[in-house]
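Q: structure, please.
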Amino acid sequence: PGGLWYSTALNENMSFQSGVAPWTAQNSATLAQSSAQAFASSPAASALYSLQVTPNGSTALPGAVSEEDVATAGSVYSASAWFYSASAWSTGAEVAIRWINGSGGPISTSTSGAVPVTAGTWTQVTLLNQAAPALTAGAKVIVQFAGTPPSVPFFVAEADMNAGASAVTTCLLTPCVPNP
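A: Residues are numbered from 1 along each chain as shown. Model prediction:
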């Protein structure tokens with residue numbers, strides 16, 4: 001799982017280097033792979049693309065949802081993503097983990113606090129050390145802008161979920177040697 005440069009992400013295509021799939025839009029947003037902005041947190045990695053999310057301007061919490069990945073009740077998971085907007089969004093960006101039961105239905109959603117996004121600056125948002133609730137069989141990562149933003153695109157990079165209490169480890173290739 002994860003992209004070429006990443007080894008601890010559970011979800012696919014966290015860096016959006018291979019397109020948008022398997023991510024899907026939520027709350028009337030549209031998604032596209034974009035070269036307008038690109039970001040990689042590891043100094044050794046280079047990114048050519050990010051996920052462009054375009055809100056419709058009238059629906060709250062526009063964003064994207066990952067595919068469902070296996071998760072185990074009682075285990076600890078973390079999620080993280082980097083957000084960029086040409087215009088500041090003081091209401092903030094959020095990451096969330098939607099917990100899924102064995103029948104594919106939602107149990108609950110753990111959501112980070114909203115972190116304001118400064119214009120023209122990549123901003124990391126994290127949701128760390130989340131215990132999967134009882135009956136969890138899977139989980140999905142959600143990346144979104146809080147509130148109801150205007151229909152101005154924002155960008156997402158390195159959107160991931162991983163097992164453990166900290167954000168994903170980025171590195172060059174397997175075997176992974178984490179960057180300091």
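Q: for the helix or strand encompassing residue 91, packing partners?
A: Using DSSP states H and E, residue 91 sits within strand 89-101. Helices and strands touching strand 89-101, by 3 or more C-beta pairs under 8 Å, 6 or more residues apart in numbering; DSSP states H and E, are strand 76-84, strand 106-111, strand 115-117, strand 123-131, strand 136-145, strand 154-163. Where you see a C-beta, it was placed from the backbone N, CA and C, and this is true even at glycine.
Q: the residue nearest to residue 102 when sequence neighbours are not counted: neighbouring residues, count only.
A: Closest residue to residue 102 apart from its sequence neighbours, by C-beta to C-beta, 6 or more residues apart in numbering: residue 137 at 4.1 Å. Residue 137 is flanked by 18 other residues according to other C-beta atoms under 10 Å.
Q: what of residue 28?
A: 15.
Q: now residue 76: how far from residue 59?
A: Applying C-beta to C-beta, to the nearest Å, the value for residue 76 to residue 59 is 32 Å.
Q: tell me which residues in stretch 49-63 are buried?
A: Across stretch 49-63, burial judged by 16 or more other C-beta atoms under 10 Å covers 49-55, 61-63.
Q: so for that stretch, what's the average pLDDT?
A: Taken as a whole, stretch 49-63 carries a mean pLDDT of 98.
Q: and that stretch, how far apart are its ends?
A: 17 Å (C-alpha to C-alpha, to the nearest Å).
Q: quick one on the thing from earlier: including mean pLDDT and distance to residue 91, could the helices and strands packed on strand 89-101 go into TSV?
A: Converted to TSV, the helices and strands packed on strand 89-101 look like this (pLDDT from 0 to 100; distance: least, C-beta to C-beta, whole Å):
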stretch	mean pLDDT	distance to residue 91
strand 76-84	96	12
strand 106-111	98	14
strand 115-117	98	7
strand 123-131	97	13
strand 136-145	98	7
strand 154-163	95	12
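Q: rewinding a little: just checking: what are the partner strands of the strand holding residue 91?
A: Its sheet considered, strand 89-101 pairs with strand 106-111 (antiparallel), strand 115-117 (antiparallel), strand 136-145 (antiparallel) by DSSP bridges.
Q: if we can go back for a sec, could you work out the most separated pair of the buried residues of stretch 49-63?
A: Farthest pair in the buried residues of stretch 49-63 (C-beta to C-beta) is 49 and 61. Separation: 23.5 Å.
Q: doesn't residue 49 make contact with residue 16?
A: Yes. Between residue 16 and residue 49 there is a contact under C-beta atoms under 8 Å: 5.2 Å.
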